[in-house]
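Undergrad: build the 3D model from these lines:
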Amino acid sequence: MKPPATEPRRVRSTRDLKALQRAMAAAVMRPLTPAGRTPHRWIDGRPTEQVVAAFIKPNDRQTALERLEIYNRMYWFRLLDCVYDDCPGLRAVLGERKFMRLAEAYLTRHPSRSFTLRNLCRRLPQFIREQPRLTAPHTALARDLARFEWAQVEAFDGLARLALTPEALRGADPARLRLDLQPYISLLALNHAVDDFVIAVKKNSLRTDASNAPDAAPVAVKPRRVPRPRRQRVHLAVHRHHNRLYYKQLEPAAYRLLCALREGQTLNRACASVLPRRAATSPAWQQKVRDWFQNWTELGWFCRR
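TA: Reported below is the predicted structural model:
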């Protein structure tokens, strides 16, 4: 947030109030130094102590800067905690220190602009592509993981529309029928089997007790390192069903078909453009496509455009 040109010492109008709010927000939301402290120089080079004294009073124990630093550190540590929790797979690949350097650089470049913290990692895949040195030599894997882990956030609480039932689709003209997918569904074409990797990482992070006896002291088991996934072309749908998160692997043709439908193609055109030519005459292919649509409809994936 861009601070005002001057910090108001008195609030006499709504304009002054807005300037005060902008100054306070800019002070609280400023990135911390590498030592985890509030910078001692303001954005324009003035001493931060001098700037914040205009709108924060010291007390008998702390200076204005020390009082501000409590909120500045609390804000940034909270953001870093959220990114940390949302990216267990990316954290496992990069290691704790390298991941935190990535998170700090990302939040400095893309600070929170939303009323909800769930949107923090929305632009992380793009940032990894733009700043490959922060994740080298595993940039391609890191970007796949960032896309996959952001898709889980979307699937968990993304918008849902009224699902189309088989009855609603019965009798529709395939040449005119246009289907859309639920907004919470992400279709991903990845170069690593990140779904299996993240499942293994999450299982590996669990702690178990040495005994089931009620008076036995719990003993933490040191997690083993999960091998990084090898390069492998994977097509996934990340979705939810009955408020539970799922990852569904798709055949390449099924993935392309769903993408074509999401892009707005009619059912006939989508099938003709992405399915093999033999699908039109092959009973095996026709049954396969019927099974796909039956499964997708049962999962509630389709909605009206």
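Undergrad: assign A189 to helix, strand or coil.
TA: What DSSP: H, G, I helix; E, B strand; the rest coil gives for A189 is strand.
Undergrad: skipping adjacent residues, who's closest to it in space?
TA: Spatial nearest neighbour of A189, excluding adjacent residues (Cβ to Cβ, 6 or more residues apart in numbering): H235 at 5.5 Å. In this view, the C-beta of every residue, glycine as well, is placed from N, C-alpha and C.
Undergrad: which is the next helix or strand following the helix or strand hosting that neighbour?
TA: Taking DSSP states H and E as the criterion, H235 maps to strand 231-241. Sequence order places strand 244-249 as the next helix or strand after strand 231-241, per DSSP H and E.
Undergrad: name the residues of that following strand that are buried.
TA: Neighbour counts over strand 244-249 (16 or more other Cβ atoms under 10 Å) mark 247-248 as buried.
Undergrad: give the next helix or strand downstream of it.
TA: Once strand 244-249 ends, the next helix or strand along the chain (criterion: DSSP H and E) is helix 252-262.
Undergrad: which strands and helices lie in contact with that next one?
TA: strand 179-181, strand 186-192, strand 231-241, helix 267-274, helix 283-298 (3 or more Cβ pairs under 8 Å, 6 or more residues apart in numbering; DSSP states H and E).
Undergrad: need those in JSON lines (columns: mean pLDDT, mean neighbour count and distance to I70).
TA: Output for these, formatted as JSON lines (pLDDT from 0 to 100; neighbours: other Cβ atoms under 10 Å; distance: least, Cβ to Cβ, whole Å):
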{"stretch": "strand 179-181", "mean pLDDT": "95", "mean neighbour count": "20", "distance to I70": "45"}
{"stretch": "strand 186-192", "mean pLDDT": "97", "mean neighbour count": "19", "distance to I70": "38"}
{"stretch": "strand 231-241", "mean pLDDT": "96", "mean neighbour count": "18", "distance to I70": "38"}
{"stretch": "helix 267-274", "mean pLDDT": "92", "mean neighbour count": "17", "distance to I70": "56"}
{"stretch": "helix 283-298", "mean pLDDT": "94", "mean neighbour count": "13", "distance to I70": "51"}
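Undergrad: tell me which of these approaches R41 most closely.
TA: Within the helices and strands packed on helix 252-262, the stretch nearest R41 is strand 186-192; the backing value is 41.9 Å (Cβ to Cβ).
Undergrad: quickly run through the sheet partners of the closest one, with directions.
TA: Applying DSSP bridges, strand 186-192 is found paired with strand 231-241 (antiparallel).
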